[in-house]
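Trainee: heads up, no residue letters with this:
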């Protein structure tokens, strides 16, 4: 079953590469033909051929770069635990607490002074 999934994934990826390369060849041929119009019909043909080659090479390079970046991203995701399922796992090695008490702010206690907190739209004026 796993080999079948792998081959389906490879087939889809190959199909995607072929489509992108065909798009690159076609757009390069059109751009080359448009630039070759200046030299007449022979220039259009030469421009289309050269543009198709350049478009195909550019599409292959872009696909290879995208595959390399995707593999690197997947490697990083597995390393930090996004793909492995242990992101935020409680198995981290934190140092133990020295005193066992919560901080004043974390426990919800008020401020140590007699001032009212500056939480509203207007603060009380200082005297």
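Mentor: Sure thing, it's come through. Owing to the predicted nature of the structure, the values given are computational and were not obtained by experimental measurement.
Trainee: Any buried residues in the longest helix along the chain, and which?
Mentor: In terms of residue count, the longest helix belonging to the chain (DSSP state H) is helix 41-80. By neighbour count on 16 or more other C-beta atoms under 10 Å, the buried set for helix 41-80 is 44, 47, 48, 50, 51, 52, 54, 55, 56, 59, 63. Bear in mind the C-beta positions are built from the backbone N, C-alpha and C, glycine included.
Trainee: quick one: average confidence on that helix?
Mentor: Average pLDDT, helix 41-80: 92.
Trainee: From residue 67, how far off is residue 75?
Mentor: The spacing between residue 75 and residue 67, counted by C-beta to C-beta, to the nearest Å, is 13 Å.
Trainee: so residue 9, which of the three states?
Mentor: Put simply, residue 9 is helix when judged by DSSP: H, G, I helix; E, B strand; the rest coil.
Trainee: returning to that earlier point: closest one of the buried residues of helix 41-80 to residue 82?
Mentor: Among these, residue 63 lies closest to residue 82 (C-beta to C-beta), at 24.3 Å.
Trainee: got a list of what the closest one touches?
Mentor: Residues near residue 63 by C-beta atoms under 8 Å, 6 or more residues apart in numbering: 16, 17, 20, 21.
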